[in-house]
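[1] quick check, what structure comes out for this input:
(chains A and B)
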Amino acid sequence: MYHYDEYDRRFLEERVAQYRDQVRRRLAGQLSEDEFRSLRLMNGLYLQLHAYMLRISIPYGTLSSAKLRGLAEVARRWDKGYGHFTTRQNIQFNWIHLEDTPDILVHLATVELHGIQTSGNSFRNITTDPFAGVAADEIDDPRPYCEIVRQWSALHPEFSFLPRKFKIAINAASEDRAAVKIHDLGLNLRRNAAGEIGFEVLVGGGLGRTPILAQTVRDFVPRRELLAYITACLRVYNQYGRRDNLFKSRIKILVQSLGIEKYRAEVEDEYAAMGAERDALALPDAAVAAMQAQFAPPAYREAANDDAELRRAQAAEPEFARWIERNTRPHKQAGHAIVIVSLKPLGRPTGDCSASQMETVAELADTLSFGEVRVTHDQNLVLPHVRKSALYDLWLRLGAADLATPNIGLASDIIACPGLDYCSLATARSIPVAQALSRHLAEREVAIGPLQIKISGCINACGHHHVGHIGILGLEKNGAESYQITVGGSDSARAALGGIVGPAVAADEVTATVDRLVDTYLRLRRDGERFPDTYRRVGLAPFKEALYVAR
Amino acid sequence: MTDRVLKLVTGNRLHDGTVVYFAGSGAWTPQIDDARLVEDKDGAALLAEAQAGSPPHPAVGPALIEAVRDGRRIVPLMLRERIRAFGPTVAYRGD
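    Residues are numbered from 1 along each chain as shown, chains lettered A, B, ... in the order given. Sure, this is the predicted structure:
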């Protein structure tokens, strides 16, 4: 894991001191809200429905046990004892007092965390595969590249006033677990025929009001040229991106209006014209190696890859067997497993985690996972390096903390934004809809198999509803909540946007509607087909028809 | 519940963000039932009164909202404002 150097520490110290003075002046009446708003947002402090909300960046979703304990302390000392993990692999605290925020930021700095660039028209948290460094299907560890891009982008002087926010995701495995095609800029790490590492560069993805999947600008940019090439990509956006219309300001709109060929030509022209600047931005092998050293694998003890004991425990306890099947994934190191810690117990707010649960996970990370924890964009946590011989003990201890619901990837593993229960942008509630659905579908979720339900409480789509197998968008219609439902979306390597199944339905009709869509899928699916596969084959019509007949 | 739509002023308390309501005479209260409720035609004057005073103003973003009286209770018309007053509508799992 990357650790701050002296420069990082000093910068953060200075930044917190400036912020403390800004808060003092705000509370003394020397700064108006209009003057203060951008200053607080630059440090991740929003004002939501019930209170201030502090969003803390978790770079590429990677946490140490010390950082997680630091977050637990924020929850306990300055909030109501819990936090909410987001689809950007970040965490939000919902009940923060403005007057406490300078002390909170001082505390966070001691564990190398902050809220900078979690708001505004800046580079946001760079996201990646939560199984980075351990996934069996990985080409190379994406985290060193995430950190290099993070350092390049953090407070970048040329790109400090972009037309709009800018989200980057990096994937480095054959499966896409970073949803790169719904990002402003996506990087797919690849190896060319000569075995050299480089990146497919995609631009112009995003959800929100105008959902668009990213398109490829270049198939392969050699690693050495990565920063120079994405500088050219950003430069074209910074020059031509719309600043006159908020709804047209994202890079996706620029790429859509120019067309990918014209955008690509502009980038290539810019790249060619960069000349000596390209050398200055070149990424030498030594610099990459130095960064890779920060992410060296832990000192695994030799562990036999003999699963006999594990199989015996699974045979003896079906509950444990189900948890192994749903909540663990293959690890590249023999005798180890990746464990997904479910933050989706039935009927509870998705992604919420109490201070004591954070401490439990931190403790388990220390004893069983080399002190490492990851946050997933599906709002769960990951213990990335667990010896198979420790899985049973881990399952018991997670279960005691209500963290072992065996539902990863199933119907009750729902993504949902905070919605109108917390968010000032929301037009409808998300959490109660997710709670009702997870309770209702849990009983048959094993029979249904993998199913991603994603819920957003407004058009901004923090809940990624467009790429849910079943997507639910909360709207307000004549003063009442209503929900528009889509099917067939996917955020995998074969990303797709869902199709709208019909008119929006009332809040109390959502569960029955989703039920019918699931029934339709089960009726139509062929062996081994996942929801998006069936949708690709049969199209929207049978789903529309099922709802139409029911009306 | 009366159907007559009335107006009140709400904001978030500056130092901690708590939802507050203008109670008149420069006072703000977290209790919506203690809010000053006026006829629609007097809303603009109420908002002006709520916004008055030298900085620091105790509430961020004072705004007029609609509500009805239900016995001694005051209930906002819009769901968003009901959630601000009485929500969140879901239990959270802090400790």
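
[2] model confidence for residue A:1, exactly?
    Per-residue confidence at residue A:1 stands at 89 (pLDDT).

[3] if I look at it, how far off is residue A:65?
    11 Å (CB to CB, to the nearest Å). Glycine gets a C-beta too; all of them are placed from N, C-alpha and C.

[4] residue A:299 now?
    Taking CB to CB, one finds residue A:299 at 16 Å from residue A:65.

[5] now the strands for the stretch 301-450 of chain A?
    A:328-330, A:336-341, A:352-354, A:372-375, A:381-387, A:415-416 (DSSP state E, counting those that start in this stretch).

[6] residues contacting the shortest one, please?
    Meaning strand A:415-416. A:87, A:349-351, A:377-379, A:430-431, A:433-434, A:452-457, A:463-464, A:468 (CB atoms under 8 Å, 6 or more residues apart in numbering or on different chains).

[7] can we see that at 7 Å?
    Identification of contacts with strand A:415-416 by CB atoms under 7 Å, 6 or more residues apart in numbering or on different chains yields A:87, A:350, A:378-379, A:430-431, A:434, A:454-455, A:463-464.

[8] and what of stretch A:24-40?
    Contacts of stretch A:24-40 (CB under 7 Å, 6+ apart): A:22, A:99, B:14-15, B:55-56, B:60-61.

[9] the residues you listed in helices, which ones?
    Among the contacts of stretch A:24-40, the subset assigned to helices under DSSP state H consists of residue A:22.

[10] flag every residue of chain B that's near chain A.
    B:12, B:14-19, B:55-56, B:60-61, B:78-80, B:83-84, B:87-90, B:92-95 (CB under 7 Å from any CB of the partner chain).

[11] now, of those residues, which are buried?
    Buried by 16 or more other CB atoms under 10 Å in any protein chain shown: B:12, B:14-15, B:17-19, B:56, B:60, B:79-80, B:83-84, B:87-88, B:90, B:92-94, out of those.

[12] nearest residue to residue A:255 other than its sequence neighbours?
    residue A:204 (3.3 Å; CB to CB, 6 or more residues apart in numbering or on different chains).

[13] could I get the strands of the stretch 301-450 of chain A as CSV with mean pLDDT?
    Output for the strands of the stretch 301-450 of chain A, formatted as CSV (pLDDT from 0 to 100):
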stretch, mean pLDDT
strand A:328-330, 97
strand A:336-341, 97
strand A:352-354, 97
strand A:372-375, 98
strand A:381-387, 97
strand A:415-416, 97
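
[14] among the ones you listed, which is the most enclosed?
    Of these, the one with the most neighbours on average (mean count of other CB atoms under 10 Å in any protein chain shown) is strand A:415-416, at a mean of 30.

[15] next one: it to chain centre, how far?
    Relative to its chain's centre, strand A:415-416 lies at 11 Å (CA atoms, centre = their mean, to the nearest Å).

[16] can you list the strands that it pairs with?
    strand A:453-456 (parallel) (DSSP bridges).

[17] what's next to the strand it pairs with, contact-wise?
    For strand A:453-456, contacts defined as CB under 7 Å, 6+ apart pick out A:411, A:414-417, A:430, A:433-434, A:437, A:462-465, A:467-474.

[18] same check on stretch A:496-511?
    Residues contacting stretch A:496-511 (CB under 7 Å, 6+ apart): A:211, A:213, A:433, A:436-437, A:440, A:466-468, A:471-472, A:475, A:477, A:480-490, A:513, A:517, A:532, A:540, A:543-544, A:547-548.

[19] in space, what's closest to the residue in the stretch 51-200 of chain A that chain B sits nearest to - neighbours in sequence excluded?
    Nearest residue of the stretch 51-200 of chain A to chain B (CB to the nearest CB) works out as residue A:81 at 2.9 Å. Using CB to CB, 6+ apart and skipping the chain neighbours, the partner closest in space to residue A:81 is residue B:94 (2.9 Å).

[20] I'd like the distance between that neighbour and residue A:95.
    Note on residue B:94: its distance to residue A:95, by CB to CB, is 9 Å.

[21] now do residue A:256
    40 Å.

[22] compare these two (neighbour count), which wins?
    residue A:95 (22 against 16; other CB atoms under 10 Å in any protein chain shown).

[23] pull the contacting residues for residue 4.
    You didn't pick a chain, so chain A it is. Residue A:4 neighbours (CB under 7 Å, 6+ apart): residue A:112.

[24] should've been chain B
    residue B:68.

[25] ditto for residue A:159
    By CB under 7 Å, 6+ apart, the neighbours of residue A:159 are A:234, A:238.

[26] is it fair to say it lies in a helix?
    No: secondary structure of residue A:159 (DSSP: H, G, I helix; E, B strand; the rest coil): coil, not part of a helix.

[27] got phi/psi on residue 5?
    Answering for chain A, as no chain was given. Per-residue torsions, residue A:5: phi -100, psi -180 (degrees, to the nearest 10).
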